[in-house]
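# Structure for this input, please:
(2 chains)
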Amino acid sequence: MAELLPYTLIEGTNVLRPLLRLNLSYHGQTVEVSGLLDSGADVNVLPYTVGAMLGIPWQTQPLVMSPSGNLSQYETRGVALNAIVGTHPSVRLGFAWTKAPNVPLILGQENFFAIFDVCFFRSRSTFQVQLKEE
Amino acid sequence: MVSEHLLAELHKLNRSEKLHVVQVLVNEMAEEEDILISAERQYEVWSPYDSPTTAQQLRDLLEQEKHG
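Below you'll find the predicted structure:
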């Protein structure tokens, strides 16, 4: 049974969001981040600052089509990172790495939700994340 | 600035009349909040809800990595 994780109360508001803590790694460099579990998002989104903290060279990553919405006006690169969620083994996540400012780290359908089963229990302010069974 | 006259008049109201005034003001304020969401303004919607090409490109990136 996967652990029940609490929604996060956004400071100064009554808004609760399903934010998941995870470790992202690139060539031995690791950062701990909070990702927004967004089942409506087609892709994972990596903010520019997080990629920079990991020391990822922007120019050498492949250009990808910029995602829709507010992200569309910013250049975007594709990047694959190692990710560790809780006690689960490391997985490979592909991110649309955007230069857009102030964007949250988003965990979307491609490929977070393709790897992890996520259950939202919003009425109880909890959610579960479980690595898919092979 | 609320006038002393208006406040004096409000103080004269009985409990149910005061509640009615509060309700009218709350409703009015709620309507004003709705108006603040203007059709002519742009709001930030970060969620990439319609990005199938980017999703395919990321799938290809991970696949190439597996076979590279």
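# What segments of chain A are strands?
Using DSSP state E, the strands assigned to chain A run over residues A:4-6, A:8-9, A:16-17, A:19-26, A:29-37, A:44-47, A:76-84, A:91-98, A:106-107, A:116-121, A:126-131.
# give me every residue that touches the closest residue to A:Pro62 other than its chain neighbours.
The spatial neighbour of A:Pro62 that comes closest, neighbours along the chain excluded (C-beta to C-beta, 6 or more residues apart in numbering or on different chains), is A:Gly78 at 5.0 Å. Using the backbone N, CA and C atoms, a C-beta is placed for each residue, glycine as well. With C-beta atoms under 8 Å, 6 or more residues apart in numbering or on different chains as the criterion, the residues that contact A:Gly78 are A:Gln61, A:Pro62, A:Leu63, A:Val64, A:Gly94, A:Phe95, A:Ala96, A:Trp97, B:Gln57, B:Leu58, B:Leu61.
# and A:Pro89, how many neighbours?
A count of neighbours around A:Pro89, defined by other C-beta atoms under 10 Å in any protein chain shown, yields 7.
# was I right about it contacting A:Ala83?
No - taking contact to mean C-beta atoms under 8 Å, the distance of 10.3 Å between A:Pro89 and A:Ala83 leaves them out of contact.
# residue in chain A nearest to chain B?
Across chain A, no residue is closer to chain B than A:Pro67, which sits at 3.2 Å (C-beta to the nearest C-beta).
# any idea what sits nearest that residue, other than its immediate chain neighbours?
When the adjacent residues along the chain are set aside, A:Pro67 lies closest to B:Pro48, with 3.2 Å between them (C-beta to C-beta, 6+ apart).
# In which helix or strand does the one you found reside?
Here B:Pro48 is covered by no helix or strand, with elements defined by DSSP states H and E.
# Repeat that for B:Gln56.
When secondary structure is defined using DSSP H and E, the element that contains B:Gln56 is helix B:52-67.
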